[in-house]
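Asks: Coordinates for the following, if possible.
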Amino acid sequence: PIRPDSVDKRRPPTVSPLSSPLTRRHRKGGGKSIKSIMGVEILSKARVSSSRGGYYHRVKHASSSTGTDMTFGLYLPSIHSSPGARVPVLFWLSGLTCDDTNFANKAGSRAFDEAERQGIAIVMPDTSPRGEGVPDVDSYDMGVGAGFYVDATNAPYDKHFKMYSYVTSELPKLLEDEFSLGKDGLKSVTGHSMGGHGALTIALRDPPSWVSVSALAPVSHPTECPWGKKAFTEYLGSVDAGKDHDASLLLASRATPLVEYDTILVDVGTDDNFLEEQLKCDELVKSAEKSGQRVELNKREGFDHSYHFVAAFVEDHVAFHGKRLNKALGTKLAEAAETYDFGATAGKPITCKAMVARAPKQPLTAETITVDPPKAGEVRVKVIANALCHTDIYTLDGCDPEGLFPCILGHEAGCVVESVGEGVTSVVPGDHVIPCYTPQCCKSQCIFCQSPKTNLCPAIRGTQGQGKMPDGTIRFKDSEGKDIYHFMGCSTMSEYTVLAEISCAKIPKEAPLDKMCLFGCGVATGLGAVWNTCKMEVNSTVAVFGLGAVGLAVIQGAKMAGATQIIAVDVNPVKFDAARSLGATDFVDPTKLEKPVQQYIAGTLTQWGVDYSFDCTGNVEVMRSALECSHRGWGTSCVIGVAASGHEITTRPFQLVTGRVWKGTAFGGFKSRRDVPWLVRKNLDGELPIDHFITHRFEGVEKTNDAIDALHAGGCLRAVVRY
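Replies: I've put the predicted structure just below:
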């Protein structure tokens with residue numbers, strides 16, 4: 001039969017084309033590895049993700065399971081480099097004749113890009129031990145390159161062929177200890193062919209240890225196929241000894257479905273030449289039906305067993321696992337939050353750390369403050385994580401006409417309710433909430449809340465702008481007992497803060513607060529500008545000015561809305577890669593043009609201009625450019641960026657007379673308490689990834705100045721500080 005792959009199994013694992021010359025010298029015996037940590041050698045490292053720069057590594061270490069050196073591939077998403085980041089890991093198990101490089105070289109680009117979007121790592125172990133003393137036979141389906149993910153008990157394989165122990169015990173511990181991956185059981189498994197068999201059996205034998213499982217063209221009933229019978233006989237002594245490593249038999253032996261796995265995802269090609277004799281995927285489904293276990297089997301028309309098939313559908317599998325791993329991560333964080341003993345502080349002042357803005361253009365000062373209990377209609381929360389927004393810096397720089405000092409900045413956070421004041425019914429202690437600077441009172445007499453045309457509820461606008469709570473008083477005091485003003489009704493640069501109930505968007509506890517905090521301002525604003533304020537149609541053309549987090553969210557929203565041309569405009573071309581990864585099609589640096597950018601867009605890139613343009617800069621000259629590049633007759637330009645105090649926008653009235661519309665948006669038109677939970681749910685369902693916005697992470701509220709420095713240094717979209 002045709003071999004599943006073309007690697008010469010008698011040779012050591014090949015060095016990836018991504019490896020450096022230094023690595024090649026190391027493989028030949030000369031030179032040194034790039035890095036060595038705790039006996040783990042990083043043989044090579046290369047940037048591979050098309051967005052912000054995830055890296056693919058080849059790693060070698062001495063294995064206690066196999067008694068040999070083992071090499072594995074490892075993709076680390078960009079979020080892994082952020083301090084304190086908790087990164088789940090997906091195990092990819094390869095098929096017969098493969099080594100640790102096949103998947104990365106042939107399907108890695110698609111898998112790694114999706115892993116970057118999901119914020120998860122991918123580990124790609126070898127398929128067997130290799131090297132001197134490792135027994136082998138001249139057969140592609142036995143010995144080196146064909147470990148079958150079992151622990152051999154039969155000579156001569158029993159000494160080194162311990163792939164089950166290696167994948168389930170040794171490698172997870174190494175990843176956790178050396179790379180901080182997969183902690184708290186945040187790991188999933190998938191694979192192809194023999195690797196699909198390994199993924200299924202490993203997950204079914206020990207469900208509590210894995211979050212999710214899937215497979216592409218798996219060997220599903222190995223005790224009844226030639227590959228499995230041969231492997232079990234040679235490695236374990238008999239086919240009967242392999243029953244504990246047969247996915248179909250493992251499922252058939254169950255009386256109830258596995259509570260750990262809502263779905264087992266399986267894909268296979270209809271033109272796979274191994275489908276009937278070796279794979280037997282239909283048997284897996286029949287076995288699952290007996291226990292009520294849901295198996296989603298997709299038979300892909302016209303696809304065979306090759307890596308063309310794997311590459312075509314691997315993104316679906318990475319997204320499948322990413323969704324479940326991120327949900328599990330959120331649950332872990334929620335469980336940690338539940339350990340707080342809020343009963344001891346309810347109704348009493350709380351002393352905590354906060355970063356206080358004492359004056360414009362001055363660094364924040366770390367202080368110990370007192371946070372008073374909530375009054376009627378108020379909620380006191382413990383801030384778990386805060387994302388730094390440009391609006392905070394705008395106020396700190398003295399540009400905000402409503403800026404009051406001293407104050408506690410911050411308005412993009414994830415929190416846990418500590419206690420509630422009189423009359424509060426929508427949240428209780430322990431609930432998870434996103435503070436929203438745009439409240440939603442939901443009262444029948446509020447014409448703003450009842451209107452579908454706006455989200456600008458004015459219920460507490462007056463006192464919010466004065467840095468006070470709705471009753472006109474303040475909940476923060478410094479060490480001298482002096483008042484510290486509130487900010488935007490949120491003030492989340494403090495370990496505890498007090499909010500109006502109508503500013504609290506309650507979200508599911510499984511949603512990670514250190515990610516969902518992004519829906520408190522910038523990301524939601526960019527998405528909503530597209531979906532709500534402009535109600536963009538399919539096949540629209542778009543120009544986005546300013547490629548910070550808000551601008552990139554506009555691009556992501558436009559792509560999801562079906563835009564066909566998305567023009568990204570920024571004076572920093574370094575930002576174009578991120579824009580491209582989210583769907584931008586054209587890229588413009590206005591400083592390189594010989595004509596105004598609006599004339600270049602409406603005249604060179606397009607004939608009459610774009611259907612929709614968005615200013616995400618806060619620069620009034622850019623706002624004019626955005627308007628004037630919009631389409632004659634129907635173009636709409638949306639102002640998102642907030643200009644400095646005293647600045648005014650101008651254009652020739654003729655621009656409006658000829659059909660252009662100029663509009664603005666606040667919080668993207670989202671009604672906060674209703675719509676933020678909807679955004680969070682879309683993220684949990686894998687439909688709205690946001691990990692790519694988090695470029696920096698810090699631990700402790702006192703690190704907020706470091707986050708501000710990162711934002712000023714450039715290259716920072718969102719810096720998240722966990723408290």
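Asks: Only C-alpha atoms, please: export stretch 396-404 in PDB.
Replies: Extracted in PDB, the C-alpha atoms of stretch 396-404 (Å, rounded to 0.1, in the frame of the first residue of the first chain):
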ATOM      1  CA  LEU A 396      -3.700  61.500  32.500                       C
ATOM      2  CA  ASP A 397      -2.000  63.800  29.900                       C
ATOM      3  CA  GLY A 398      -4.500  66.600  30.800                       C
ATOM      4  CA  CYS A 399      -6.400  66.500  27.500                       C
ATOM      5  CA  ASP A 400      -9.800  65.600  29.000                       C
ATOM      6  CA  PRO A 401     -11.900  68.800  29.900                       C
ATOM      7  CA  GLU A 402     -13.700  66.700  32.500                       C
ATOM      8  CA  GLY A 403     -10.400  65.300  34.000                       C
ATOM      9  CA  LEU A 404     -10.300  65.800  37.800                       C
END
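Asks: And it, how far out from the chain middle?
Replies: How far stretch 396-404 lies from its chain's middle: 33 Å, per Cα atoms, centre = their mean, to the nearest Å.
Asks: Report the buried residues of it.
Replies: Buried residues in stretch 396-404, counted by 16 or more other Cβ atoms under 10 Å: 396, 399-400, 403-404. Yep, even glycine has a C-beta here, placed from its N, CA and C like the rest.
Asks: Stretch 97-116 now?
Replies: For stretch 97-116, a neighbour-count test (16+ other Cβ under 10 Å) marks 97-104, 106-116 as buried.
Asks: just to revisit the earlier point, pull the most distant pair out of the buried residues of stretch 396-404.
Replies: Using Cβ to Cβ, the buried residues of stretch 396-404 span at most 13.4 Å, a distance reached by 399 and 404.
Asks: ok, back up a step: relative to residue 66, which of the buried residues of stretch 396-404 is nearest.
Replies: residue 396 (55.9 Å).
Asks: per-residue confidence for that closest one?
Replies: pLDDT, the model's per-residue confidence, is 95 for residue 396.
Asks: Spatially nearest residue to it, not counting backbone neighbours?
Replies: Spatially, and ignoring its direct neighbours in sequence, residue 396 is nearest to residue 357 (5.6 Å; Cβ to Cβ, 6 or more residues apart in numbering).
Asks: and what of residue 265?
Replies: In this structure, residue 265 finds its nearest non-sequential neighbour in residue 214, 3.8 Å apart by Cβ to Cβ, 6+ apart.
Asks: you'd agree residue 416 is up against residue 430?
Replies: Yes. Using Cβ atoms under 8 Å, residue 416 is in contact with residue 430, at 6.7 Å.
Asks: Show me which of the two is the more surrounded one.
Replies: Remark: of residue 416 and residue 430, residue 416 carries more neighbours, 22 against 14, as counted by other Cβ atoms under 10 Å.
Asks: Can I get the helix or strand containing that one in CSV, CA atoms only?
Replies: Using DSSP states H and E, residue 416 sits within strand 413-420. Extracted C-alpha coordinates of strand 413-420, given in CSV (Å, rounded to 0.1, in the frame of the first residue of the first chain):
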residue,chain,number,x,y,z
ALA,A,413,-11.8,45.6,33.5
GLY,A,414,-13.1,42.3,34.7
CYS,A,415,-14.4,42.1,38.2
VAL,A,416,-16.0,39.9,40.8
VAL,A,417,-18.9,41.3,42.9
GLU,A,418,-17.8,41.6,46.6
SER,A,419,-21.0,43.2,48.0
VAL,A,420,-24.1,45.1,46.9
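Asks: what are the pairing partners of the very next helix or strand once past that strand, and which direction each?
Replies: Next along the chain after strand 413-420, taking DSSP H and E as the criterion, comes strand 432-435. Partner strands and pairing direction for strand 432-435 (DSSP bridges) are strand 413-420 (antiparallel), strand 504-507 (antiparallel).
Asks: from those strands, which stretch is densest packed?
Replies: strand 413-420 (a mean of 26; mean count of other Cβ atoms under 10 Å).
Asks: can you pull out the helices in the stretch 501-650 of the chain?
Replies: Secondary structure of the stretch 501-650 of the chain (DSSP state H, counting those that start in this stretch): helices at 513-516, 522-528, 549-561, 576-582, 597-601, 620-628.
Asks: Kindly report the same for the stretch 351-500 of the chain.
Replies: Assigned by DSSP H, counting those that start in this stretch, the helices in the stretch 351-500 of the chain fall at 390-396, 447-450, 461-465.
Asks: Which of these has the highest mean neighbour count?
Replies: By mean count of other Cβ under 10 Å, the helices of the stretch 351-500 of the chain have helix 390-396 as the most buried, with a mean of 21.
Asks: hmm, who's touching it?
Replies: Helix 390-396 has contacts (Cβ atoms under 8 Å, 6 or more residues apart in numbering) with 357, 360-361, 364, 400, 403, 407, 409-411, 487-488, 493, 521-522, 548, 550, 618, 642, 644, 708, 711-712.
Asks: Pretty sure residue 206 sits against residue 169.
Replies: No. With contacts defined as Cβ under 8 Å, residue 206 does not count as touching residue 169, sitting 10.1 Å away.
Asks: Can you pick out the residue with more neighbours from those two?
Replies: Higher neighbour count among residue 206 and residue 169: residue 169, with 14 against 11, using other Cβ under 10 Å.
Asks: Then that one would be within a helix, right?
Replies: Yes. Counting by DSSP: H, G, I helix; E, B strand; the rest coil, residue 169 falls inside a helix.
Asks: residues in contact with it?
Replies: By Cβ under 8 Å, 6+ apart, the neighbours of residue 169 are residue 65.
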